[in-house]
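Asks: Predicted model, plus sequence, below.
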Amino acid sequence: MARTLILGAVFRALGAYPSGWRYPGAHSNPLGDPAVLRATARAAEAAKLDYLFFGEWLATGPDLEFRDPDLLARLDPMSSIAFLAGVTKRIGLIATANSGYFDLYTLARQTASIDRLSGGRAGINIVTGADPRAAGNHGRGPGGAEPRYDEATEYLRALRLLWDSWEDDAFVRDRRTGRLIDPEKLHRTDAQGEFVSVTGPLNAARPVQGHLPIVHAGGSSRSRRLAAELADLALVAQPSLREAVAYRSELIAQSRAYGRTDDPRVITPILPVVAETTREAQEVFDDLLRLVPLDDGSPLAQSADFPANRSIRALSSVVGVPLGSPDLDDDVPLRVARRFADGGQRLLELVERRTGRRLGGERPVTYRQLLATHAVPAAAVVGSGAEVADHLQEWFEAGAVDGFNVLTPFLNGQFSAFTGLVVPELQRRGLFRTEYEGRTLREHLGLSTPANLHDSAAGGAAGRRRA
Ligand SMILES: Cc1cc2nc3c(=O)[nH]c(=O)nc-3n(C[C@H](O)[C@H](O)[C@H](O)COP(=O)(O)O)c2cc1C
């Protein structure tokens, strides 16, 4: 089969669109997350998706209620994938960990264990972000971006050495002589750097996949360098198709300069809003926009945590024209829109594309739709199954990406719309698998299994000290 798309589902129980939880029938109670997690994982597996993906955010606060309600109180990613190892059979399971906050030895052990528990289906997304609240929760200062990337580089190099502590044939189990292991095949790690200090060896067997697939999410040139050296999947969000093509080709060139033979795969987030027909999808999106709380003078908008960018005044500065104080549900008049500066024109185009509305048309554009679109940045693609598939196909065939991290605006309705309408369309086009062929996440992603870095027979690091 020709190269096919990588498709992962990002699990966000309360939805990836901040008003999603308000949509009729949507899951909205974090106390009920386990049942939703299990059902979503099983549905994703039935759709033959490559993996379920869990982002990470290591702090909370009341402002998230408006900005990102899913992050308020949620299941921990590592616990979630360990749980799913037992309730799924084929789908990959990727958890995010921050190299600044996660103890390396513990992470190596947990991930090696979950990989074994899941039969080789685990992956790890390493991020470097330094939100001040997360720093406060972990007894560390935020630190600069450069040192955080230096730290992440040392961290990932040492992580792979830790995973390689045991060679696969170390467990000789000779009942006669009483030798359970071949001590020559157990290796110390001895990674001593500026940020990382770990002696090893790891008290967990080598992962089924050798090394778990490593994802790295980021956007800067330093992030790309890290991905080029050490990541199997780079999770990036580029603003345009052209920039995405350039980013991916540069990343691949850089990774080859590191001597790598497996090119890193590039994945980008996308938030499909999908229904049987274009108009129905537009109506779902209209409702999501309508449910975004805006500063309409209501008591909610007076809350100290209410985002500052949700007033008509904020919109005026984006469109570059004073808008006075219209009712949010008024139509935007043509004569006002004609005076919009570039930022306003772009916002208007975005609203028209996503909602199918037209200024002065039968379904006109309102101030509310402009303001809500400005307030909630999201990589939304709205349309029928075929239209969403067209978008994915275009990015894939242009060489911009190898696949997508699919965000769902709310559960379960929009997830089942994606698996029921978009996935079958991609399968009909030969762009996505109809059955799992491999067993492990590496196999799903088409990645080879790495040799043990200590295994001298396979050309590994010679002379490394045994434990
Ligand atoms: C698509 C995408 C997803 C990300 N997901 C997370 C996440 O779940 N948790 C996190 O702490 N940081 C996440 N990050 C943030 C990055 O790790 C990084 O901190 C941020 O992009 C700034 O660093 P940079 O300028 O080097 O890209 C994500 C970044 C991108 C582009």
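Replies: On my side now, so go ahead. Worth saying up front: this structure is predicted, and the values here are computed from it rather than measured.

Asks: what packs against the lengthiest strand in the chain?
Replies: When the chain is scanned for its longest strand (criterion: DSSP state E), the result is strand 265-275. In this structure, strand 265-275 makes packing contacts with strand 6-10, strand 233-235, helix 241-257, helix 278-290, strand 380-384, helix 385-397, strand 403-406, helix 413-417, judged by 3 or more C-beta pairs under 8 Å, 6 or more residues apart in numbering; DSSP states H and E. For glycine as for every other residue, the C-beta is placed from the backbone atoms N, C-alpha and C.

Asks: Toward the C-terminus from the fourth one, list the very next helix or strand.
Replies: Scanning the chain past helix 278-290 towards its C-terminal end, the next helix or strand to appear is helix 312-319 (assignment: DSSP states H and E).

Asks: so where is the chain shaky, pLDDT-wise?
Replies: Along the chain, the model assigns pLDDT under 70 to residues 1, 456-465.

Asks: Name all residues that make contact with residue 396.
Replies: With contact set as C-beta atoms under 8 Å, 6 or more residues apart in numbering, residue 396 has these partners: 5, 402, 403, 431.

Asks: how near is it to the ligand?
Replies: Note on residue 396: its distance to the ligand, by C-beta to the nearest ligand atom, to the nearest Å, is 17 Å.

Asks: quick one on the thing from earlier: distance from the chain centre to the longest strand of the chain, please.
Replies: Distance of strand 265-275 from the chain centroid (C-alpha atoms, centre = their mean, to the nearest Å) equals 10 Å.

Asks: tally of neighbours for residue 37?
Replies: When neighbours are defined as other C-beta atoms under 10 Å, residue 37 has 21 of them.

Asks: State the distance from it to residue 85.
Replies: Residue 37 sits 12 Å away from residue 85, going by C-beta to C-beta, to the nearest Å.

Asks: neighbouring strands for the longest strand of the chain, and are they parallel or not?
Replies: Strand pairing for strand 265-275, determined by DSSP bridges: strand 233-235 (parallel), strand 380-384 (parallel), strand 403-406 (parallel).

Asks: So for it, what gets flagged as buried?
Replies: For strand 265-275, burial by neighbour count (16 or more other C-beta atoms under 10 Å) applies to 265, 266, 267, 268, 269, 270, 271, 272, 273, 274, 275.

Asks: and if you look at stretch 252-260?
Replies: Buried residues in stretch 252-260, counted by 16+ other C-beta under 10 Å: 252, 254, 255.

Asks: State the number of residues packed around the residue nearest to residue 293 when sequence neighbours are not counted.
Replies: Spatially, and ignoring its direct neighbours in sequence, residue 293 is nearest to residue 300 (5.5 Å; C-beta to C-beta, 6 or more residues apart in numbering). The tally of other residues near residue 300 (other C-beta under 10 Å) stands at 13.

Asks: go on, residue 157?
Replies: Other residues lying near residue 157 total 16 when counted by other C-beta under 10 Å.

Asks: doesn't residue 189 make contact with it?
Replies: No: taking contacts as C-beta atoms under 8 Å, residue 157 lies outside contact range of residue 189: 10.1 Å.

Asks: Break the chain down into its domains, please.
Replies: Structurally, the chain divides into domains by automatic domain parsing as follows: 6-144+204-274+381-458, 293-375.

Asks: CSV please, covering these and showing distance to residue 198.
Replies: Output for these, formatted as CSV (distance: least, C-beta to C-beta, whole Å):
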stretch, distance to residue 198
domain 6-144+204-274+381-458, 6
domain 293-375, 40
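
Asks: For the residue located most distally from the centre of the chain, list the residues it contacts.
Replies: In the chain, counting by C-alpha atoms, centre = their mean, residue 176 sits farthest out from the average C-alpha position, at 50.3 Å. Residue 176 makes no contacts at all, as judged by C-beta under 8 Å, 6+ apart.

Asks: What's the separation between it and the ligand?
Replies: Note on residue 176: its distance to the ligand, by C-beta to the nearest ligand atom, is 51 Å.

Asks: do the same with residue 319
Replies: As judged by C-beta to the nearest ligand atom, residue 319 and the ligand stand 27 Å apart.

Asks: Same question for residue 122.
Replies: Applying C-beta to the nearest ligand atom to residue 122 and the ligand gives a distance of 16 Å.

Asks: Then residue 74?
Replies: For residue 74, the distance to the ligand (C-beta to the nearest ligand atom) stands at 11 Å.

Asks: List the contacts of residue 211.
Replies: Contacts of residue 211 were listed using C-beta under 8 Å, 6+ apart, and they are 160, 163, 164, 450.

Asks: Next, format the contacts of residue 396 as TSV and append neighbour count and distance to residue 16.
Replies: Shown next, in TSV, are these (neighbours: other C-beta atoms under 10 Å; distance: C-beta to C-beta, whole Å):
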residue	neighbour count	distance to residue 16
5	21	19
402	22	21
403	23	17
431	19	23
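
Asks: Just checking stretch 257-273 against the ligand, any contact.
Replies: Yes: among the residues of stretch 257-273, residue 269 lie within reach of the ligand under C-beta under 6 Å from any ligand atom.

Asks: Can you tell me the SS state at residue 322?
Replies: The three-state assignment at residue 322 reads coil, by DSSP: H, G, I helix; E, B strand; the rest coil.

Asks: can I assume it is in contact with residue 312?
Replies: No: Residue 322 is not in contact with residue 312 according to C-beta under 8 Å; the separation is 9.6 Å.
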